[in-house]
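> Fold the following.
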Amino acid sequence: MDDYKMIIQQAFGDSSEDTDDDDLHRLPESSVTGYEAELVFGDIPEWEQINEIKGLSLCRDFLTPDQQSALLASILQEGWFTDASHNQAMRFGDLPAWANELSTCIRELIQYGHFDPESMDITSETDGQDCIFPSKLLNREPLFNQLIANSYQPGEGICAHVDLMRFEDGIALISLESPCVMHFSRVENEDATNEKQSEPKIPVYLTPGSLLLISGEARYQWKHEINRKPGFQKWEGEEIVQKRRTSITLRKLCNSE
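Have a look, this model is predicted:
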């Protein structure tokens, strides 16, 4: 844990615990990355694996509220969503400094993060790290070189899809602001008949500041969607109050240096 905190401090600065109370709610005034002292993790967040889907791992407390606010401030500084009609932005190759630091945090969190053995499909042939994200993906350079940022208004979501094959295996999704339920469904088998009953969709609850890693079977054999129309956004029997939601997806282009 100490090694992990040291790495985060090197990337983001000292912990907000050492600052005055007024500073805890202050967004950075000037920073190359948009991150300041409040972006240091306290306790190392825990991972959980979605048991029904191999290759799908969730960290619900990836970013604290202060970290989320600073990240949103950095996104606003890009000038991407100044107009309500502009709700999506993409970057390829050289990513913004804050996105590179997110990649660094994701890599280190996978390496140092805690996981519950009872929630992870661990065998003698694999270790905890491989259960969260395959080592061959974690050790690639760069880890990610493409990002897509989306700003969704209440009621707006994404249709069921598998990410384009132009991107390699291993995708990271950071969810901000409004919580939501993302549903996963298996890719239809071309040989399946109409008589075959559709398999139920698997819901995954994304809290603000959560990180979802998608690889292997989850990447290629499952579609994901967010239907934010009335009646579809429920968790534990309760309707989710929808507000604006921002998401950041990090991927790596195939055959790129």
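
> Let me know whether residue 181 touches residue 206 as I believe.
Yes. With contact defined as Cβ atoms under 8 Å, residue 181 reaches residue 206; the gap is 7.3 Å. (Each C-beta comes from the backbone N, C-alpha and C, glycine too.)

> between these two, which one's more packed in?
Looking at residue 181 and residue 206 with other Cβ atoms under 10 Å, you find the greater number of neighbours at residue 206, namely 23 against 19.

> Straight-line length of stretch 148-168, end to end?
The distance separating the two terminal residues of stretch 148-168, taken as Cα to Cα, to the nearest Å, comes to 15 Å.

> tell me the mean pLDDT for it?
When the per-residue pLDDT values of stretch 148-168 are averaged, the result is 94.

> mind listing what's buried in that stretch?
Neighbour-count burial for stretch 148-168, counted by 16 or more other Cβ atoms under 10 Å, picks out 148-152, 157, 163, 167-168.

> next one: stretch 239-248
242, 245-248.

> what's that stretch in contact with?
Outside of stretch 239-248, the residues that reach it under the criterion Cβ atoms under 8 Å, 6 or more residues apart in numbering are 71-72, 75, 99, 102, 147-155, 173-181, 228, 231, 233-234.

> rewinding a little: switch the buried residues of stretch 239-248 over to TSV, and while doing so, append distance to residue 84, secondary structure and pLDDT to every line.
Supplementary listing: the buried residues of stretch 239-248 in TSV, determined by distance: Cβ to Cβ, whole Å; DSSP: H, G, I helix; E, B strand; the rest coil; pLDDT from 0 to 100:
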residue	distance to residue 84	secondary structure	pLDDT
242	16	coil	88
245	14	strand	95
246	14	strand	96
247	17	strand	96
248	19	strand	97
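
> could you pull out the helices for the stretch 151-257 of the chain?
Taking DSSP state H, counting those that start in this stretch as the criterion, the stretch 151-257 of the chain contains helices spanning 217-220.

> so residue 57 touches residue 51, yeah?
No. No contact is recorded between residue 57 and residue 51 when judged using Cβ under 8 Å, the distance being 10.9 Å.

> out of those two, which sits in the more crowded spot?
For residue 57 against residue 51, the residue with the higher neighbour count under other Cβ under 10 Å is residue 57, and the figures read 23 against 12.

> separation between the more buried one and residue 219?
Distance from residue 57 to residue 219, counting by Cβ to Cβ, to the nearest Å: 12 Å.

> cool, residue 161 as well?
12 Å.

> same question, residue 170
Distance, residue 170 to residue 219, using Cβ to Cβ: 7 Å.

> thinking residue 253 is in contact with residue 168, fair?
Yes. Taking Cβ under 8 Å as the contact criterion, residue 253 and residue 168 are neighbours in contact, 7.2 Å apart.

> so where's the stretch 101-250 of the chain uncertain?
Under the criterion pLDDT under 70, the flagged ranges of the stretch 101-250 of the chain are 114-131, 189-198.

> same thing but at 80, please
Along the stretch 101-250 of the chain, segments meeting pLDDT under 80 span 113-131, 189-199.

> hey, which helix is longest across this protein?
Under DSSP state H, the helix in the chain containing the largest number of residues is helix 97-112.

> what's around residue 90, how many residues?
A count of neighbours around residue 90, defined by other Cβ under 10 Å, yields 11.

> In terms of pLDDT, where does residue 100 sit?
Per-residue confidence for residue 100 comes out at a pLDDT of 95.
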